[in-house]
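K.L.:
pasting a predicted model and its sequence here:
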Amino acid sequence: MSDLTLATHAALEAGKLLREKFGQLAVVDEATHHDIKLQLDKTSQDLITKILLDACPDDALYGEEGIAGNQASDRQWIVDPIDGTVNFFYGIPHFCVSIALRVKGEIVVGVIHDPMVQETWTVEKGGPALHNGAPIAVSKRDTLEESILFVGCGKDGDALRTGMDRFAKASVRARKMRMMGSAALGMAYIASGRLDAYVESKISLWDIAAGQLLVETAGGKVSLTPSPQNPDSYGIVATNGLIPIEEIL
């Protein structure tokens, strides 16, 4: 089984679990002002971990819910078991499973699966970006006035203020603005030509690892700025490579 096939299988199995549990009363492990952690996040990651590490026991796994496997390995699976947990908890059917494989520091496989809409994006280094098995490409829109932008606002004070400032600045230029609640799906939508850019000042690696390879392979551009406080957090600007996004940053 190839790495891409394995990652896709794991994402689909986790997606089945999430679809089955959607709409049921979810157990909250932790709740803060701007975020929620569910028991189901851990259950989903445990399922993914078992599938991946049973097949590749010498690999490392790094996920939102913790690490597993051989952390000295050059092969590291990067997992977000539910990207869009707050949406899931509130019954909003916009969330996904995101799995990437990083080998010697380079992302080589990415899978993003939306279990509610039954959409799966897959990509492997050197191969095409695919949506449900069909090739995709970013949009050809090249002006802010015809674009749809996804602006994230983060969870802490600085990130919220930066996000809201950017939202206000961009809203007078773009055709439409969106705050969707799932970074991975936002990047999948850029790769598919549905959105034209995604901007956020602070986002975690597991949210964007698969999406970065997907967007770049589909013809777009992704710029990451590491956080000085947390090496696993980044400022991100992902676009179709055509719109002048710097005008709103």
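P.N.:
Nice, thanks for sending it over. Numbering: from 1, shown residues only.
K.L.:
was I right about residue 67 contacting residue 61?
P.N.:
Yes - taking contacts as Cβ atoms under 8 Å, residue 67 lies within contact range of residue 61: 6.4 Å. Where you see a C-beta, it was placed from the backbone N, CA and C, and this is true even at glycine.
K.L.:
for the two, indicate the residue with more neighbours.
P.N.:
The neighbour count for residue 67 versus residue 61, taken as other Cβ atoms under 10 Å, is higher for residue 61 (23 against 12).
K.L.:
look at that one and tell me its secondary structure.
P.N.:
Counting by DSSP: H, G, I helix; E, B strand; the rest coil, the backbone at residue 61 sits in strand.
K.L.:
list the contacts of it.
P.N.:
Residues near residue 61 by Cβ atoms under 8 Å, 6 or more residues apart in numbering: 49, 52, 53, 67, 68, 69, 76, 77, 79.
K.L.:
same deal with residue 205?
P.N.:
By Cβ under 8 Å, 6+ apart, the neighbours of residue 205 are 62, 78, 232, 233, 234.
K.L.:
try 7 Å
P.N.:
Taking Cβ atoms under 7 Å, 6 or more residues apart in numbering, we find residue 205 in contact with 78, 232, 234.
K.L.:
top of those by number of neighbours, please.
P.N.:
residue 78 (25 neighbours).
K.L.:
right, and that residue touches residue 100 too?
P.N.:
Yes - the pair residue 78 / residue 100 is scored as a contact, 4.4 Å apart, by Cβ atoms under 7 Å.
K.L.:
give me the common contacts of the two.
P.N.:
residue 209.
K.L.:
circling back to that earlier point, pick out whichever of the contacts of residue 61 sits closest to residue 123.
P.N.:
residue 77 (15.0 Å; Cβ to Cβ).
K.L.:
residues near residue 99, how many?
P.N.:
With other Cβ under 10 Å as criterion, residue 99 counts 32.
K.L.:
show me which residues of the helix or strand it falls within are buried.
P.N.:
In the assignment (DSSP states H and E), residue 99 maps to strand 96-103. For strand 96-103, the neighbour count (16 or more other Cβ atoms under 10 Å) marks 96, 97, 98, 99, 100, 101, 102 as buried.
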